[in-house]
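Undergrad: What follows is a predicted protein model with its sequence.
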Amino acid sequence: MEPCSCDTFVALPPATVGPRIIFGKNSDRPSDEVQEIVYFPGQSYGPGEKLECTYTEIDQVEKTHAVVLSRPSWLWGAEMGANEFGVCIGNEAVWGKEEIDDKEALLGMDLVRLGLERADSAEGALDVIIGLLEKYGQGGNCMESQMSFTYHNSFLIADRKEAWILETAGCYWAAERLDDCIKNISNNLSITTKIDREHPGMREYARTKGWWDGKKEFNFAAVYSYFNPSRSSSSGDRFCEGYKLLRKHKAMPFIFAPHIEQFVATASPVLGSDDPVKLKPRFQTRPDRRHELYKKHESTLRSMETSQVKELLNKIKNLEKQKLEEIELMLQNGTNDTSALAPLFSKCVEEEMKIYE
């Protein structure tokens with residue numbers, strides 16, 4: 001099945017059971033692109049150190065936070081992730097009237113990781129992304145391919161207390177603090193007239209381009225989008241359907257603990273300076289980035305008979321249910337034994353891989 005939807009969701013109390021925030025994202029990256037789940041511990045750095053992101057080098061900060069990331073394996077950043085302070089971020093591709101610059105800068109996915117590594121709150125991550133966007137800009141090929149695919153970005157950012165949407169058009173941006181208890185974003189601008197923070201030149205730029213007359217109430221999505229954003233909640237639209245799905249489905253929590261092990265089975269090979277993404281011209285070859293879980297999925301799919309599909313899916317669903325119940329019990333009762341939490345994800349992956357044997 002070809003991917004056809006990319007959406008990010010958040011649910012805030014009182015829509016959730018207990019004082020919890022639920023965050024989730026799906027992806028419509030190319031079906032043959034390897035996605036990995038990786039863990040990076042927090043680190044300290046010396047003055048003047050630099051950080052090499054996917055395409056560009058930026059100033060490193062004194063200290064970074066521990067993060068879990070879900071990402072296309074060829075790039076430095078991530079499509080989604082969480083950090084040790086409970087901050088979660090997901091990004092979406094968006095297009096609008098503002099032209100997209102092919103110049104290599106920070107990818108939206110780089111900004112996701114940077115926000116997580118450098119902030120201990122949702123609004124703090126918002127500040128990080130805004131600052132980096134203004135200093136370094138956004139741009140560059142978002143596919144592991146010689147064919148260019150570029151876009152601007154929107155972000156859904158949440159912590160244990162609140163959530164924000166940040167939407168961009170080149171260097172211009174608008175941000176909305178969420179009052180609704182549930183919210184989703186897809187591949188369109190969604191901030192309208194409730195703008196809690198904004199680029200200081202955003203309105204004047206729109207006026208000089210003839211997109212806004214300076215008199216009507218300023219509607220970010222209407223001004224910067226190609227289309228009428230009022231249609232985005234129409235029946236059958238992904239945005240609307242995502243909102244409905246958000247009311248029905250559960251999500252798995254992120255848990256950080258000391259001494260977390262590296263996620264070996266879901267991490268792709270590290271190619272270093274020989275990686276085709278680092279060499280110029282870029283993407284002249286495409287290396288094997290498959291990790292162990294990906295290989296298991298691939299081989300199982302090739303060898304499985306149609307009659308076995310239902311049985312396999314039931315086993316996976318049962319494993320998922322079992323692990324959710326275990327985590328729920330830990331959350332309800334609490335635990336002082338952090339050694340049981342550290343290998344939690346790796347053990348889940350091991351048990352899933354056994355299903356495919």
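TA: Received it, and whenever you're ready, just let me know what you need.
Undergrad: Grab the most central residue of this protein for me.
TA: The centre of the chain sits closest to Met80, judged by Cα atoms, centre = their mean, with a distance of 2.1 Å.
Undergrad: Tell me, what's the model's pLDDT at that one?
TA: At Met80, the model reports a pLDDT of 97.
Undergrad: quick one, helices of the stretch 51-200 of the chain?
TA: 108-118, 122-136 (DSSP state H, counting those that start in this stretch).
Undergrad: Redo these as JSON lines? Include mean pLDDT and distance to Pro276.
TA: C-betas here are computed from N, CA, C, even on glycine. Shown next, in JSON lines, are the helices of the stretch 51-200 of the chain (pLDDT from 0 to 100; distance: least, Cβ to Cβ, whole Å):
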{"stretch": "helix 108-118", "mean pLDDT": "99", "distance to Pro276": "17"}
{"stretch": "helix 122-136", "mean pLDDT": "99", "distance to Pro276": "23"}
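Undergrad: Could you identify which of those helices is most buried?
TA: Comparing the helices of the stretch 51-200 of the chain by mean neighbour count (mean count of other Cβ atoms under 10 Å), helix 108-118 ranks first with a mean of 26.
Undergrad: Tell me which residues are up against that one.
TA: Helix 108-118 has contacts (Cβ atoms under 8 Å, 6 or more residues apart in numbering) with 40, 53-54, 61, 64-65, 67, 69, 71-72, 75-83, 87, 89-91, 93, 106, 124-126, 128-129, 132-133, 138, 142, 151-153, 155, 157, 168.
Undergrad: how about a cut-off of 7 Å?
TA: Helix 108-118 is contacted by residues 53-54, 61, 64-65, 67, 69, 71, 75-83, 87, 89, 91, 125, 128-129, 132-133, 138, 153, 155, 157 when judged by Cβ atoms under 7 Å, 6 or more residues apart in numbering.
Undergrad: Please apply the same query to stretch 283-291.
TA: Taking Cβ under 7 Å, 6+ apart as the rule, stretch 283-291 contacts 34, 36, 73-74, 144-146, 265-269, 271, 276-277.
Undergrad: in stretch 341-353, what's buried?
TA: With burial defined by 16 or more other Cβ atoms under 10 Å, the residues of stretch 341-353 counted as buried are 341-342, 344-346, 348-349, 352-353.
Undergrad: ok, back up a step: mind checking which of the helices of the stretch 51-200 of the chain is nearest Leu178?
TA: Nearest to Leu178 among those is helix 122-136 (9.5 Å), distances taken as Cβ to Cβ.
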